[in-house]
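Q: after the sequence you'll find the predicted model.
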Amino acid sequence: MRAAEQVVFDREPDVDLMGRAAAEVARVAAAVAPEGAVLVVVGPGNNGGDGLFAAALLAEHRPVFVWLTGGSGHAAGREAARRAGATEVDAVGALQSLADSALVIDAVLGLGSRGGLPLAVATFAEACAAAAVPVLSVDLPSGLVADQGLLPGASFSAAHTVTFAALKACHVQEPAASRCGRLHVADIGVDVPAATLRQAEESDIARWWPTPGATSDKYARGVVMLDTGSEHYPGAALLTVAGALNSGAGMARYTGRVASGLILTRFPSTVIGEGRAQALVLGSGWGETDGAEGRVANARLHALPTVVDADALYSLPEERLDGWLLTPHAGELARLLGCTRSHVEAHPLSCVRELARHSGAAVLLKGATQFVAEPSGRVTLAVAGPAWTAQAGSGDVLAGICGTLLAAGLPAWQAGVVGASVQAIAAARNPGPYPPDQLAARLPETIAALTAGAGG
Ligand SMILES: NC(=O)C1=CN([C@@H]2O[C@H](COP(=O)(O)OP(=O)(O)OC[C@H]3O[C@@H](n4cnc5c(N)ncnc54)[C@H](OP(=O)(O)O)[C@@H]3O)[C@@H](O)[C@H]2O)[C@@H](O)CC1
Ligand SMILES: [K+]
């Protein structure tokens with residue numbers, strides 16, 4: 001973000017980016033709280049500057065109070081707010097005026113935040129929540145750190161966040177994302193080149209879904225070959241097949257070690273044994289079975305796009321896995337990188353990127369926020385779903401869905417994003433809790449609704 005801003009300053013030294021940012025903040029403030037007093041809480045840096053210029057704009061029409069939490073603040077902004085008639089208050093005055101405020105604008109810390117809040121501000125943030133006064137945060141809820149999803153300490157809980165040019169990690173990664181409220185991305189004339197972090201939306205999933213054409217046969221739709229499940233985890237085989245078939249595979253072939261009778265009783269259209277296929281799914285429910293390495297090496301010989309899940313992840317071939325999709329959760333990713341689970345949870349973006357860069361595969365990191373990294377470093381976040389999907393077996397269904405999407409010809413990263421998203425959307429549209437096999441059974445109607453009107 002700072003580099004992108006610098007490009008604008010180099011091109012146009014007199015550009016008033018802060019004025020544009022403040023105008024957007026004032027516009028959203030007027031929309032969400034059209035009347036009543038506004039209390040602007042201001043920090044020491046440019047985030048505070050945005051708040052002060054927004055205060056000046058709002059003070060033309062309504063009572064505005066300004067609390068300079070650091071004692072001073074952006075000098076020109078302070079002067080503008082004063083001239084427009086805003087009233088400066090101290091910490092006590094801020095708490096007193098809270099009850100009469102229609103809106104609090106949080107302009108304490110933005111991109112320069114190290115995380116957490118000074119004590120007086122933390123107390124005030126709690127008071128806002130207790131008084132149920134809506135907070136509009138400038139750029140990000142103060143207390144968060146822009147490029148992290150963690151809560152490093154106290155922070156505001158915003159009803160609205162106005163950010164500039166592009167979303168930052170804190171806006172989309174939990175638990176920070178839940179502090180941001182409704183997000184408004186304001187265009188202030190700063191171009192963010194080739195976004196390295198993107199958030200997929202339902203409309204993207206509808207557009208990317210590989211709807212078969214009039215002339216598609218089962219091979220064009222894609223045959224998925226699954227080597228999943230084990231004596232210990234036969235259910236995993238069923239769940240992967242359920243994921244594959246309910247997301248529209250042209251055919252599912254099962255080559256794993258679970259008795260074919262069990263598979264066929266539940267999914268009679270499954271074909272048992274190897275044959276022509278367009279994608280493979282490996283590993284879900286293998287457990288610590290012998291022969292993982294041999295089975296992964298065998299898959300390599302097929303030279304097909306491959307989903308590698310669960311225990312197969314620990315037997316990855318050494319060469320670059322172009323076109324493959326790895327689907328670890330945080331614990332598995334930690335083991336692969338030789339670090340701790342808590343390290344992955346604290347730094348999911350860098351960890352998921354590291355495995356993608358190192359392996360040459362796309363990597364879908366599963367969890368509350370689902371990240372898909374490409375070897376280039378670009379990361380796309382899947383559409384978020386309700387927490388109900390965090391249940392044993394969800395990952396198996398997801399591996400099957402991703403297999404279908406790979407078989408239909410989607411690039412590995414896109415198969416990961418679309419697969420994780422459609423499962424989340426199905427869960428959101430069918431508020432459960434449904435166990436994963438029943439949620440898998442809801443995929444067809446979810447996909448039908450999603451793609452209706454998307455133009456295929
Ligand atoms: N660049 C541009 O043109 C544009 C920028 N824009 C706006 O500027 C914002 C970025 O401004 P910024 O760089 O001044 O950083 P900002 O977040 O205001 O604060 C830094 C100050 O806070 C302090 N501090 C940090 N953590 C702390 C803590 N936990 N507790 C207490 N203090 C803490 C820190 O102290 P230090 O770490 O240096 O000791 C430093 O003094 C950006 O988010 C956007 O709103 C828009 O106008 C668009 C154009
Ligand atoms: K802020």
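A: That came through fine. In this text the structure is predicted, and so the values were computed from the model without any measurement. Ligands and ions are numbered 1, 2, ... in the order given.
Q: show me what contacts the one residue in the stretch 201-350 of the chain that gets nearest to ligand 2?
A: When scored by Cβ to the ion, the stretch 201-350 of the chain has residue 349 as its residue closest to ligand 2, at 21.2 Å. In this view, the C-beta of every residue, glycine as well, is placed from N, C-alpha and C. By Cβ atoms under 8 Å, 6 or more residues apart in numbering, residue 349 lies in contact with 147, 169, 173, 197, 371, 373, 379.
Q: narrow the residues you listed to those in strands?
A: Among the contacts of residue 349, the ones falling in strands (DSSP state E) are 197, 371, 373, 379.
Q: now for the residues you listed: which two are most distant?
A: Maximum pairwise distance in these, criterion Cβ to Cβ, is 10.0 Å, between 197 and 373.
Q: more neighbours, those two?
A: The neighbour count for residue 197 versus residue 373, taken as other Cβ atoms under 10 Å, is higher for residue 373 (28 against 20).
Q: picking up where we left off before, which among the contacts of residue 349 count as buried?
A: Neighbour counting over the contacts of residue 349 (16 or more other Cβ atoms under 10 Å) leaves 169, 173, 197, 371, 373, 379 as the buried ones.
Q: so residue 224, which state does it fall into?
A: strand (DSSP: H, G, I helix; E, B strand; the rest coil).
Q: quick one: the nearest residue to it once chain neighbours are set aside and residue 437, what's the gap?
A: Counting by Cβ to Cβ, 6 or more residues apart in numbering, residue 403 is the residue found nearest to residue 224 once chain neighbours are left out, at 4.1 Å. According to Cβ to Cβ, to the nearest Å, residue 403 and residue 437 sit 16 Å apart.
Q: ok, these two, which is more surrounded?
A: Taking other Cβ under 10 Å, residue 403 and residue 437 do not tie; residue 403 has more neighbours (37 against 17).
Q: which residues does the more buried one contact?
A: Counting by Cβ under 8 Å, 6+ apart, residue 403 touches 224, 226, 240, 243, 244, 249, 279, 280, 281, 307.
Q: would you map the helices across the stretch 51-200 of the chain?
A: Under the criterion DSSP state H, counting those that start in this stretch, helices of the stretch 51-200 of the chain are mapped to 75-83, 91-98, 119-131, 169-172.
Q: ok so, going back, got phi/psi on the residue of the stretch 201-350 of the chain closest to ligand 2?
A: Note on residue 349: backbone dihedrals following degrees, to the nearest 10 are phi -60, psi -50.
Q: list the residues that contact residue 396.
A: Residue 396 is in contact with 228, 235, 236, 239, 240, 243, 284, 285, 309, 436, counting by Cβ under 8 Å, 6+ apart.
Q: contact partners of stretch 97-105?
A: Contact partners of stretch 97-105, identified using Cβ under 8 Å, 6+ apart, comprise 25, 29, 32-33, 35-41, 51, 54-55, 65, 89, 124, 127-128, 131, 133-138.
Q: and the residues you listed, which are buried?
A: 25, 29, 32-33, 37-41, 51, 54-55, 65, 89, 124, 128, 133-138.
Q: got phi/psi on residue 416?
A: The phi/psi pair for residue 416 (degrees, to the nearest 10) is phi -60, psi -50.
Q: what about it, distance to residue 317?
A: According to Cβ to Cβ, residue 416 and residue 317 sit 19 Å apart.
Q: neighbour count winner among the two?
A: A side-by-side neighbour count of residue 416 and residue 317, using other Cβ under 10 Å, places residue 416 first with 33 against 14.
Q: residue contacts, the more buried one?
A: Taking Cβ under 8 Å, 6+ apart, we find residue 416 in contact with 325, 327, 362, 363, 364, 372, 382, 402.
Q: may I have the beta-bridge partners of the second one?
A: In this case it means residue 327. Beta-bridge partners recorded for residue 327 (DSSP bridges): residue 309.
Q: and it, what's its pLDDT?
A: Turning to residue 327, the model gives it a pLDDT of 98.
Q: for residue 31, same thing?
A: 97.
Q: residue 211 too?
A: Residue 211 carries a pLDDT value of 87.
Q: and it, how many neighbours?
A: Neighbour count for residue 211, taken as other Cβ under 10 Å: 15.
Q: residue 155 now?
A: Neighbourhood size, residue 155 [other Cβ under 10 Å]: 28.
Q: swap in residue 378?
A: 17.
Q: you'd agree residue 307 is in a helix?
A: No. Counting by three-state DSSP, residue 307 falls outside a helix, being strand.
Q: now do it against residue 124, distance only.
A: To residue 124, residue 307 is 49 Å away according to Cβ to Cβ.
Q: do a quick rundown of the strands in the stretch 251-400 of the chain.
A: Here the stretch 251-400 of the chain has its strands, by DSSP state E, counting those that start in this stretch, at 251-254, 271-272, 279-282, 306-309, 325-327, 362-365, 371-373, 379-381.
Q: how about whichever helix or strand residue 10 is part of and ligand 1, touching?
A: Under the criterion of DSSP states H and E, residue 10 resides in helix 2-11. Yes. Using Cβ under 6 Å from any ligand atom, helix 2-11 reaches ligand 1 at residue 5.
Q: between the helix or strand that that helix is followed by and helix 2-11, how many degrees?
A: With elements assigned by DSSP H and E, the helix or strand that comes after helix 2-11 is helix 17-32. Orientation check (axes from the mean of the first three to the mean of the last three Cα atoms, to 10 degrees): helix 17-32 against helix 2-11 gives 120 degrees.
Q: residues of helix 17-32 that come out buried?
A: Result for helix 17-32 [16+ other Cβ under 10 Å]: buried residues 17-26, 28-30, 32.
Q: after that helix, next one along is what?
A: Counting by DSSP H and E, what follows helix 17-32 is strand 37-42.
Q: list the contacts for residue 441?
A: By Cβ under 8 Å, 6+ apart, the contact list for residue 441 reads 242, 246.
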